[in-house]
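Trainee: Got a sequence here, can you model it:
(one chain, ligands or ions: 1)
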Amino acid sequence: MTKEKKKMSLAMQIFIALVLAIVAGLLMQKYADFAQSYIKPFGTIFLNLVKFIVVPIVLFSIMCGIISMRDIKKVGSIGLKTVVYYLCTTAFAITIGLIGGNLFKGLFPKVATTDLTYEAAEATSFMDTIVNIFPSNFVSPMVEANMLQIIVMALLLGFAIIMIGEEKNARVVNACNDLNDVFMKCMEMILKLSPIGVFCLLCPVIASNGPAIIGSLAMVLLAAYICYIVHAVVVYSIAVKAMGGLSPLEFFKGMLPAIMFAFSSASSVGTLPINMECVEKMGASKEVTSFVLPLGATINMDGTAIYQGVCAIFIAACYGIHLTLPQMLTIILTATLASIGTAGVPGAGMVMLAMVLTSVGLPVDGIALVAGVDRIFDMGRTTVNITGDASCCMIVSNMEKKKEARLKRS
Ligand code: ASP
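Mentor: Predicted structure coming up:
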């Protein structure tokens, strides 16, 4: 009971930090430079600590998740359900983004598109993207924090540990579980700092993106946020209710600490440990959580897909370009792939927007139109991203529990 109280208090602290950051940010608009130079660095220190710990957390929690299933078939069945759910919800998300963007199209302001410049990162081809998922070196994925490569490593190592048999793997299984506990403890320590981190990350954003800049882009921001909310409320509520055996209200209430953290940190990967705690409290099994959530924090980005759809329509409208149906379908495909390739760190989705725009021949320079307020888009899209991961976790966990109960009966 006392432990419960303590945990609640971290969520409360994050909430208070969030409110204080908004108030302080609004009051400090004239001192935005000060906020950027002296407050933001403390937020960066916090994010650095989170990034430092997240590589071992993803590696070990996926490995431990696989090992605890003890059976490659079971990993396959959970993995398949997870990936199918992730792909379907992402396709829904991008469709909602495109519909929302089209509904709002008439309200988007005509923004001057001359002398815009945006240096797009060099685009990698589709095949190269696939090739790059597979590491050619044991340490570089960890050094570069390349999450997709780390997942491949975790899968290979996890499968190998199962395959050498229970007689031989006892020590390594214990070692993995112990190391996992150690890294989780480190993460817990770092997360104690999250209220300070949240304040220092959010306050400069509010101070520099005062109402003036937001004003001119209000419509596209509004369109994105409405789509975020529609997707979360409609798609996740229905899914959780129908397949997760959980009332949507209970689900969103249980998710509050993770939602607040994601909103202020704009990092799915950083929110991973809080997200794990939230779903486990709601009854998800540890073995499913430790596999589904780290995977989702890396490949499942519904909010990012929505953002890419809305922004593609917005940028096309600013340039007076009309998008055809085949072009919209191309956007659905590329945004789904782009969101899989997006890293769970602040600002990554905007970089991937270049790939979506290029795929339908829209000017990449258009990104400059939305870059100024990207952080505000990012806070919402990250919140949707992690909520999607959690909904999948509740559903897969519920399905597995039912399956086990069926097997026991028969
Ligand atoms: N910040 C997002 C996340 O961590 C990724 C993005 O920029 O879209 O989920």
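Trainee: For residue 223, the count of nearby residues, please.
Mentor: 25 (other CB atoms under 10 Å). The C-beta positions use only the backbone N, C-alpha and C, and glycine is treated the same way.
Trainee: in the stretch 201-350 of the chain, which spans are helices?
Mentor: Taking DSSP state H, counting those that start in this stretch as the criterion, the stretch 201-350 of the chain carries its helices at 211-216, 218-230, 237-244, 248-265, 268-281, 286-299, 302-318, 325-341, 348-359.
Trainee: I misspoke; the intended subject was the stretch 51-200 of the chain.
Mentor: For the stretch 51-200 of the chain, applying DSSP H, counting those that start in this stretch gives helices covering 72-104, 126-131, 140-143, 147-163, 166-191, 194-208.
Trainee: Looking at the chain, what residue ends up closest to the ligand?
Mentor: residue 349 (2.3 Å; CB to the nearest ligand atom).
Trainee: I'd guessed that residue sits against residue 301; true?
Mentor: Yes. Contact criterion CB atoms under 8 Å: residue 349 and residue 301 qualify, at 6.9 Å.
Trainee: For the residue of the chain closest to the ligand, give its distance to residue 265.
Mentor: Shown here: residue 349 relative to residue 265, a distance of 14 Å by CB to CB, to the nearest Å.
Trainee: ok, back up a step: from residue 346, how far out is the closest residue to the residue of the chain closest to the ligand other than its chain neighbours?
Mentor: Leaving out its chain neighbours, the residue that sits closest to residue 349 by CB to CB, 6 or more residues apart in numbering is residue 304, at 4.0 Å. Residue 304 sits 12 Å away from residue 346, going by CB to CB.
Trainee: and these two? which has more neighbours close in?
Mentor: Looking at residue 304 and residue 346 with other CB under 10 Å, you find the greater number of neighbours at residue 304, namely 32 against 20.
Trainee: my guess is the more buried one contacts residue 388, does it?
Mentor: No. Counting by CB under 8 Å, residue 304 stays clear of residue 388, with 10.2 Å between them.
Trainee: if we can go back for a sec, contact partners for the residue nearest to residue 349?
Mentor: 338, 339, 342, 348, 349, 352, 381, 385 (CB atoms under 8 Å, 6 or more residues apart in numbering).
Trainee: please redo it, this time with the cut-off set to 6 Å
Mentor: By CB atoms under 6 Å, 6 or more residues apart in numbering, the contact set of residue 304 is 339, 342, 349, 381.
Trainee: and the stretch 201-350 of the chain, which residues reach the ligand?
Mentor: Counting by CB under 6 Å from any ligand atom, the stretch 201-350 of the chain comes close to the ligand at 266, 267, 268, 301, 304, 342, 344, 345, 346, 347, 348, 349.
Trainee: For the stretch 201-350 of the chain, which residues score under the pLDDT cut-off?
Mentor: By pLDDT under 70, the low-scoring segments of the stretch 201-350 of the chain are 210-216.
Trainee: try 90
Mentor: 201-220, 245, 261, 264-267, 269-274, 286-287, 290-291, 294-295, 297-299, 315-350 (pLDDT under 90).
Trainee: re earlier: which residues are common contacts for residue 349 and residue 301?
Mentor: By CB under 6 Å, 6+ apart, residue 349 and residue 301 have these common neighbours: residue 342.
Trainee: Give me the more crowded residue out of those two.
Mentor: residue 301 (35 against 30).
Trainee: Hmm, the more buried one is touching residue 342, no?
Mentor: Yes. At 5.1 Å, residue 301 counts as touching residue 342 under the criterion of CB atoms under 6 Å.
Trainee: Same list (the helices of the stretch 201-350 of the chain) but as a markdown table, adding distance to residue 371.
Mentor: Listed next are these as a markdown table, based on distance: least, CB to CB, whole Å:
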| stretch | distance to residue 371 |
| --- | --- |
| helix 211-216 | 11 |
| helix 218-230 | 12 |
| helix 237-244 | 33 |
| helix 248-265 | 20 |
| helix 268-281 | 20 |
| helix 286-299 | 24 |
| helix 302-318 | 10 |
| helix 325-341 | 17 |
| helix 348-359 | 7 |
